[in-house]
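A.B. asks: when you get a sec, could you give me coordinates for this:
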Amino acid sequence: MLDKLRNVFQVPELKRRILFTLALFVIYRLGEHMPTPGVNAKALAGAFASQQGTLFGLYDLFVGGAFSRATVFALGIMPYISSSIILQLLGAVVPYFEKLRKEGEEGQKKLTQITRYGTILISVIQSYAYSVFLVNMGAARGLTVVPDPGFGFTLVTIITQTAGTILVMWLGEKITEHGIGNGISLIIFVNIIGRVPNTMAQAYDSFKGGALSLLTILVVAAIMVFVIAAVVMMTQGMRKIPVQYAKRIVGRRMYGGAATHIPLRVNTAGVIPIIFASSIMILPATVAGFVPPGHPLASLGLWFSPLKPLYNIVYGIIIVFFTYFYTAVVLNPNDLAENMRKYGGFIPGIRPGRKTAEYIDRVLSRITLPGAFFLAAIATLPDMMIAGLGLPFLGFGGTSVLIVVGVALDTLQQVESHLLMRHYEGFVKRGRIRGRQRM
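C.D. replies: Predicted coordinates:
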């Protein structure tokens, strides 16, 4: 392993990309600790303690705790992700966005620019809501979170948070362009990994205080290793549909005649269905936190507590629904069949055109079912463990594991490609290269 790590820094371009990515990570982490002007940090920590398990607690997970500390990166990269998802969904129903998506590089540039404008708009709206949230949360708990509320604080918060989001968006794009992997995904990855030391410290304190036994810690560790292995297997799992391209003669050259395949992943939707479902399921608890204990909505929040069976059942059903929905949005069998027909490709034994689209849709529906059930199991397992074992902590939730494993695998593949291009042995054994090919 040490030799393979040494190979990484023997490729000048790869070394430069890794160091550039690490440097931008340092800038991002510094921004996560710069407070928003006009916020009492100590009062905010006490007021936010009751928001774990609500929509704000979920949001705080993706921004590395910056939301609960009210730093300049409190909104993080989430407005950009929201804008991207909205644009993807609009691409399935609005002809203009669908046309841009099919225009190649120029269309992608326009979509990227629209996504940036959407990010700014969402940031302004969310930063205004965040300023109201900080004032109301402190007032509801008798704490002075914002010593001087008013128009000035609202304006400063909007400017600070919007500028912070734009800077995070810029850092993510620069990591994608000059670093390794997808910059947006890597920023979320860093946020989740950054919480691990605190989680381990809490576990150690619970163990010293007698709240956790050594056996419980070992059981949780074993389950987490099993979950990570299962996520890796499911993330890499795919169904390969064979495709044959007919030979074509263009001028004096012959094209086609090659055999390839369409890789259909078992988990095409990724972690998006869990994020959608979590946002919906956490809404009752979020609303219940803003009403008096005797209000009818307060009891609704108790019914939809993450430790209740009803919560997990409904949560799993919604995840399965969104898995099929998002898979249909990002992967259109009709487009695949049309592109294959245009370039002379066909699936052996299947007629081109409508029959090919129906075949791909049927295969995709079948392999998506186990992927949807797997996502539901991964999402509900941590809550069932807490309820069953009486755990006061848990290192990773299902959403965190899926994001961390997915981004780690994607980054590893990026590094592998750079190493193999320079004829170095990668982290994954693919057969030794006996010598450099000379042109």
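A.B. asks: so what's Phe207 up against?
C.D. replies: Contacts of Phe207 were listed using Cβ atoms under 8 Å, 6 or more residues apart in numbering, and they are Ser213, Leu214, Ile217. No exception for glycine: its C-beta is placed from N, CA and C like everyone else's.
A.B. asks: end to end, how far does stretch 61-81 reach?
C.D. replies: 14 Å (Cα to Cα, to the nearest Å).
A.B. asks: what's the average pLDDT for it?
C.D. replies: The predicted model gives stretch 61-81 an average pLDDT of 84.
A.B. asks: find the nearest non-adjacent residue to the residue nearest in space to the middle of the chain, please.
C.D. replies: Taking Cα atoms, centre = their mean, the centroid of the chain lies closest to Ile403, which sits 5.1 Å from it. For Ile403, ignoring the flanking residues on the chain, the nearest one in space by Cβ to Cβ, 6 or more residues apart in numbering is Val271 at 5.5 Å.
A.B. asks: can you tell me how far the one you found is from Ala201?
C.D. replies: 26 Å (Cβ to Cβ, to the nearest Å).
A.B. asks: out of the two, which sits in the busier spot?
C.D. replies: Higher neighbour count among Val271 and Ala201: Val271, with 24 against 10, using other Cβ atoms under 10 Å.
A.B. asks: now do the contacts for that one.
C.D. replies: With Cβ under 8 Å, 6+ apart, Val271 has these contacts: Thr399, Leu402, Ile403, Gly406.
A.B. asks: again, but for Val132
C.D. replies: Thr154.
A.B. asks: how far away is it from Val8?
C.D. replies: 47 Å.
A.B. asks: what of Gly209?
C.D. replies: 42 Å.
A.B. asks: of those two, which one has the most company?
C.D. replies: Val8 (16 against 9).
A.B. asks: hmm, the more buried one is touching Leu14, no?
C.D. replies: Yes: using Cβ atoms under 8 Å, Val8 makes contact with Leu14 at a distance of 6.0 Å.
A.B. asks: where do the contact lists of these two overlap?
C.D. replies: Contacts common to Val8 and Leu14, judged by Cβ under 8 Å, 6+ apart, are Val415, Leu419.
A.B. asks: what ranges do the strands span in the stretch 51-200 of the chain?
C.D. replies: With strands called from DSSP state E, counting those that start in this stretch, the stretch 51-200 of the chain shows none.
A.B. asks: which residues in it form helices?
C.D. replies: 55-62, 66-69, 78-91, 95-101, 105-140, 151-178, 183-193, 196-208 (DSSP state H, counting those that start in this stretch).
A.B. asks: for the third one, name the packing helices and strands.
C.D. replies: Helices and strands in packing contact with helix 78-91 are listed as helix 95-101, helix 105-140, helix 151-178, helix 309-330; criterion 3 or more Cβ pairs under 8 Å, 6 or more residues apart in numbering; DSSP states H and E.
A.B. asks: alright, calling it a day.
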